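> Everything below, folded, please.
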Amino acid sequence: MTEYIHHYQSPLGILTVSSNGDALTGLWFEGQKYFADTVDFEKAKAKNLPVFALCDQWLDIYFSGRAPDFMPPVSFSSTPFRKAVWRILLSIPFGTVVTYGQIADRLAKMKGLNNMSAQAVGAAVGHNPISIIVPCHRVVGANGALTGYAAGIDKKATLLALEGIRIS
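Predicted coordinates:
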């Protein structure tokens, strides 16, 4: 499968975006943990694609402090557990946060289990390949504290502030 890459200049730095040609497969801040770990840069091609234009439009709206009213197509390649966590991330509304435990509880209910590990959820959230659009920055610790973000806590705090969320 051919991979394509694109770059977007955000107010927080350069974002590298990847696509399979039809959907987004990755979006990372330069240098973040797990940066583009799903992209083979030796084979990836830079190309203007409609999905990249949609992504840029979405990001322009987002970084202006508004909630985009559309979603670029995304494609996840991972384990069923991680995909389930990432689909839950997509349901977190702009301007709100949830805890890892709340996601774990939701997954447990979906699977008919009594409980699920919030730590396992945290690991899946941390490996989210499509930052910002799949809003892993909207997940906080049990006490509401900012915890973990592959691009750094400072970027997480800035993204949340952009959405009107202030966490100390």
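> tell me the centre residue of this protein?
In the chain, the residue lying closest to the centroid (Cα atoms, centre = their mean) is Ser131, at 2.8 Å.
> Go ahead and confirm that one touches Gly152.
No - judged on Cβ atoms under 8 Å, Ser131 makes no contact with Gly152 at a distance of 11.3 Å. C-beta here means a position set from N, CA and C on the backbone, and glycine is covered the same way.
> can you list residues touching both of these two?
In the contact map built from Cβ atoms under 8 Å, 6 or more residues apart in numbering, the residues linked to both Ser131 and Gly152 are Gln32.
> before we move on, back to that, just give the closest residue to the residue nearest to the centre of the chain, not the sequence neighbours.
Leu27 (5.1 Å; Cβ to Cβ, 6 or more residues apart in numbering).
> from what I can see that neighbour touches Pro135, true?
No - counting by Cβ under 8 Å, Leu27 stays clear of Pro135, with 11.2 Å between them.
> Next up, the contacts around Gly95.
Gly95 neighbours (Cβ under 8 Å, 6+ apart): Ala67, Glu163, Gly164, Ile165.
> so where is the protein shaky, pLDDT-wise?
Residues of the chain meeting the criterion pLDDT under 70: 35-37, 168.
> How far does the top helix by length along it sit from its chain's centre?
The residue-count maximum for a helix in the chain (DSSP state H) belongs to helix 50-63. Counting by Cα atoms, centre = their mean, to the nearest Å, helix 50-63 is centred 14 Å from the centre of its parent chain.
> Which elements pack onto that helix?
strand 4-10, strand 13-19, strand 24-29 (3 or more Cβ pairs under 8 Å, 6 or more residues apart in numbering; DSSP states H and E).
> for the very next helix or strand once past it, packing partners?
Per DSSP states H and E, the first helix or strand lying C-terminal to helix 50-63 is helix 80-90. Here helix 80-90 touches helix 100-111, helix 118-126, going by 3+ Cβ pairs under 8 Å, 6+ apart.
> how far away is Phe98 from Leu89?
Phe isn't right for residue 98; it's Val. Distance from Val98 to Leu89, counting by Cβ to Cβ, to the nearest Å: 9 Å.
> what sits in contact with each of the two?
With Cβ under 8 Å, 6+ apart as the test, Val98 and Leu89 both reach Arg138, Val139.
> give me every residue that touches Ala151.
Residues in contact with Ala151 (Cβ under 8 Å, 6+ apart) are Trp28, Phe29, Gln32, Lys33, Ser131.
> my bad, Phe29
Phe29 sits next to Ser10, Leu12, Gly13, Ile14, Leu15, Phe35, Ser131, Ala150, Ala151, Lys155 when contact means Cβ under 8 Å, 6+ apart.
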